[in-house]
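K.L.:
prediction below, plus the sequence it came from.
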Protein chains: 2
Amino acid sequence: MTPTAGSTQASPSQTLSRGIRALEILADAPEPLTIAELADAMGVHRSVAYRILRTLEDHSLLIRDDGGRVQPGPGLAVLARGVARNLQTAALPELTQLANALDMSAFVAVWDREDCVTLVTVDPRRTGAAVVQHPGSRHPVSAGAPGIAIQSALSEREWHSLAPSIPYRPEAAEARRRGYAASHDEVIPGVSSLAVPVTVPGGRPAALAVVYVRDAQDPAEVAAALAASAARIEAQLG
Amino acid sequence: MTPTAGSTQASPSQTLSRGIRALEILADAPEPLTIAELADAMGVHRSVAYRILRTLEDHSLLIRDDGGRVQPGPGLAVLARGVARNLQTAALPELTQLANALDMSAFVAVWDREDCVTLVTVDPRRTGAAVVQHPGSRHPVSAGAPGIAIQSALSEREWHSLAPSIPYRPEAAEARRRGYAASHDEVIPGVSSLAVPVTVPGGRPAALAVVYVRDAQDPAEVAAALAASAARIEAQLG
DNA sequence: AATTCAGTGTTCTATAATCGAACACTCAAT
DNA sequence: ATTGAGTGTTCGATTATAGAACACTGAATT
């Protein structure tokens, strides 16, 4: 067990933290930033930002356009390739099958502190899919079916020991009995979601889920397909 | 222009560089590493690695399993979300259409120093696709159709001014005349590829490509579909 | 049960990397 | 020509960092 429960300790590695913050700011920025803007957003002197950005650029984690503006670079995609790599190979075929059979977007999301992070997604073959879930997007674990499914994989006691500050949703107990979690209008208005828990490498709680706009199909049947896929994914992961 | 041609300067930001190297090592590692193994691979003292890894863990860029072993974390997926974000939304529908219409894996790769980095991929709906191209994978720009297509978007002189150490392939001139690049058995034995150049945000040369095992279709027709998709992607990007 | 062993996590001080101000430079726009 | 907004570089004082040595944990061993 981790004896250090509270983790908001004094953070060392100032330069590293700042570099990561720069990348986080860039990832959230809707368009490329100038170095001065980025330095301002980071709250550091421009020369500090300049030195950090140069190092990040050396590793292709950011690139600069003709005007000198800065944006996330292809090196980030290379680093992210290793995230649950086994999960990608195991889950992709299942997600593809689910998305096409159900005509819904299917994805796997893992629990990360207060959020669920979507890792792998497959949209149905029909182009112009109504609901698109992008890899890397995050939403609060306390909203949406994936979060309920993740909580349903743990007892209320386990949850409180892992995340004391996040309440345990009553829907989780219901989801555990029923075998699947459901949500409507929680994350995006008009969008519903079904999810089942799945165990991924690293022991991190995760969820296999689909999103849809109109429920033309029986939730229980869809959930059964999800559970079957989840079982196959876990079997392949060993 | 950049007056500093040579860029292999003394690299400042030691801690940041080391943190990035840790992530690079982790991304390449086939399975989780202990802190001691990672410190050894980085060539630093264990306590240094420990401090760096703690900072990375604080940002969810790496996670640790029950045994204390370290692996890439979901935060990397969040950071990578911003990589050519507009490209994702613009290219995904086109890639999906190409993959399903041609029954080939379709992807967009950008030029990054000596490599092509695959950013967005869509596999055909038929599960168990023969050739799967993972996002974040990289291969030398001097091998494969995407590299040829990228070179074909530049004159030999432009190429040499941008990348003096990488030879300009003779196939690039042919690809420019013909309008598309082709390769066989270059990256993976038995696998062929067709590619056309495409301009992505940031002004980085890139390629839109498909890979396949047996060529049941006329390359020129496939290339025409690629070119049409590339034009639509560029139009949507503005 | 005592003992190794491999590993994690913490503390400390000399050292070396970093900070931030001031300056030189480029390139549009006025 | 002149402003202005931005990038890129230099340099001394400051401070974060490196790395050794140590404490701790748990599992395998005798």
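P.N.:
Ah, there it is.
K.L.:
give me the neighbour count for the nearest residue to residue A:80 once chain neighbours are set aside.
P.N.:
Spatial nearest neighbour of residue A:80, chain neighbours left out: residue B:80 (3.8 Å); criterion: Cβ to Cβ, 6 or more residues apart in numbering or on different chains. From N, CA and C alone the C-beta is placed, and that goes for glycine too. A total of 29 residues lie near residue B:80 under the criterion other Cβ atoms under 10 Å in any protein chain shown.
K.L.:
hmm, residue B:80 is touching residue A:72, no?
P.N.:
Yes: with contacts counted by Cβ atoms under 8 Å, residue B:80 reaches residue A:72, the gap being 7.3 Å.
K.L.:
overlap of the contact sets of these two?
P.N.:
residue A:27 (Cβ atoms under 8 Å, 6 or more residues apart in numbering or on different chains).
K.L.:
residues contacting the residue nearest to residue A:80?
P.N.:
By Cβ under 8 Å, 6+ apart, the neighbours of residue B:80 are A:27, A:72, A:76, A:77, A:79, A:80, A:135, A:136, B:136.
K.L.:
doesn't residue B:78 make contact with the first one?
P.N.:
Yes: taking contact to mean Cβ under 8 Å, the distance of 6.3 Å between residue A:27 and residue B:78 places them in contact.
K.L.:
which of those two has more neighbours?
P.N.:
Neighbour comparison, residue A:27 and residue B:78: the larger count goes to residue B:78, with 27 against 19 (by other Cβ under 10 Å).
K.L.:
residues in chain A within reach of DNA strand C, list them.
P.N.:
A:2, A:4, A:14, A:15, A:18, A:44, A:45, A:47, A:48, A:51, A:52 (Cβ under 7 Å from any atom of the strand).
K.L.:
hang on, the earlier thing: reformat the contacts of residue B:80 as CSV; add distance to residue A:123, pLDDT and secondary structure.
P.N.:
Formatted as CSV, these follow (distance: Cβ to Cβ, whole Å; pLDDT from 0 to 100; DSSP: H, G, I helix; E, B strand; the rest coil):
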residue, distance to residue A:123, pLDDT, secondary structure
A:27, 22, 94, helix
A:72, 22, 94, strand
A:76, 22, 96, helix
A:77, 19, 95, helix
A:79, 24, 96, helix
A:80, 19, 94, helix
A:135, 11, 90, coil
A:136, 15, 93, coil
B:136, 19, 93, coil
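K.L.:
which one of the residues you listed is nearest to DNA strand C?
P.N.:
residue A:79 (19.6 Å; Cβ to the nearest atom of the strand).
K.L.:
what's near enough to touch residue A:56?
P.N.:
By Cβ under 8 Å, 6+ apart, the neighbours of residue A:56 are A:19, A:22, A:23, A:62, A:73, B:16, B:20.
K.L.:
buried only: go through the residues you listed for me.
P.N.:
Buried members of the contacts of residue A:56, counted by 16 or more other Cβ atoms under 10 Å in any protein chain shown: A:19, A:22, A:23, A:62, A:73, B:16, B:20.
K.L.:
picking up where we left off before, and the residues of chain A next to DNA strand C, which of them are in helices?
P.N.:
A:14, A:15, A:18, A:47, A:48, A:51, A:52 (DSSP state H).
K.L.:
filter those by proximity to chain B?
P.N.:
A:14, A:15, A:18, A:51, A:52 (Cβ under 8 Å from any Cβ of the partner chain).
K.L.:
any regions of chain A where pLDDT drops low?
P.N.:
Chain A contains residues with pLDDT under 70 at A:1-11, A:126-130, A:215.
K.L.:
give the contact list for the residue of chain A positioned farthest from its centre.
P.N.:
Distance from the C-alpha centroid of chain A, by Cα atoms, centre = their mean, peaks at residue A:47 (33.5 Å). Shown in contact with residue A:47 (Cβ under 8 Å, 6+ apart): no residues.
K.L.:
re the thing from before, report the two of the ones in helices among the residues of chain A next to DNA strand C separated the most.
P.N.:
Distance extremes for these: the farthest pair is A:14 and A:47 at 15.0 Å, using Cβ to Cβ.
K.L.:
now the ones in helices among the residues of chain A next to DNA strand C in TSV, with distance to residue A:124?
P.N.:
As requested, these are arranged in TSV below (distance: Cβ to Cβ, whole Å):
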residue	distance to residue A:124
A:14	46
A:15	45
A:18	41
A:47	50
A:48	47
A:51	46
A:52	42
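K.L.:
ok, and which of the residues you listed reach DNA strand D?
P.N.:
Restricting these to contacts with DNA strand D (Cβ under 7 Å from any atom of the strand) yields A:14, A:15, A:47.
K.L.:
and the second one, how far is that from residue A:23?
P.N.:
Distance, residue A:15 to residue A:23, by Cβ to Cβ, to the nearest Å: 13 Å.
K.L.:
which one of the buried ones among the contacts of residue A:56 is nearest DNA strand D?
P.N.:
Nearest to DNA strand D out of these is residue B:16 (Cβ to the nearest atom of the strand; 8.6 Å).
K.L.:
what sits closest to that closest one if chain neighbours are left out?
P.N.:
residue A:19 (4.3 Å).
K.L.:
ok, that neighbour touching residue A:58?
P.N.:
No: contact between residue A:19 and residue A:58 fails when scored by Cβ under 8 Å: they sit 11.4 Å apart.
K.L.:
could you look up the SS state of the spatially most central residue of chain A?
P.N.:
Closest to where the C-alpha atoms of chain A average out (Cα atoms, centre = their mean) is residue A:117, at 1.2 Å. When states are read from DSSP: H, G, I helix; E, B strand; the rest coil, the local structure at residue A:117 comes out as strand.
K.L.:
on that earlier part again, of the buried ones among the contacts of residue A:56, which belong to helices?
P.N.:
Using DSSP H, the buried ones among the contacts of residue A:56 in helices are A:19, A:22, A:23, B:16, B:20.
K.L.:
a strand runs through residue A:66, doesn't it?
P.N.:
No: read with three-state DSSP, residue A:66 is coil and lies in no strand.
K.L.:
okay, now the nearest residue to it once chain neighbours are set aside: neighbour count?
P.N.:
With sequence-adjacent residues excluded and distances taken as Cβ to Cβ, 6+ apart, residue A:66 is closest to residue B:203, at 5.6 Å. Residue B:203 has 12 neighbouring residues, counting by other Cβ under 10 Å.
K.L.:
the strand or helix carrying residue A:71 and chain B, any residue contact?
P.N.:
Using DSSP states H and E, residue A:71 sits in strand A:70-72. Yes: contact between strand A:70-72 and chain B is present through A:71, A:72 (criterion: Cβ under 8 Å from any Cβ).
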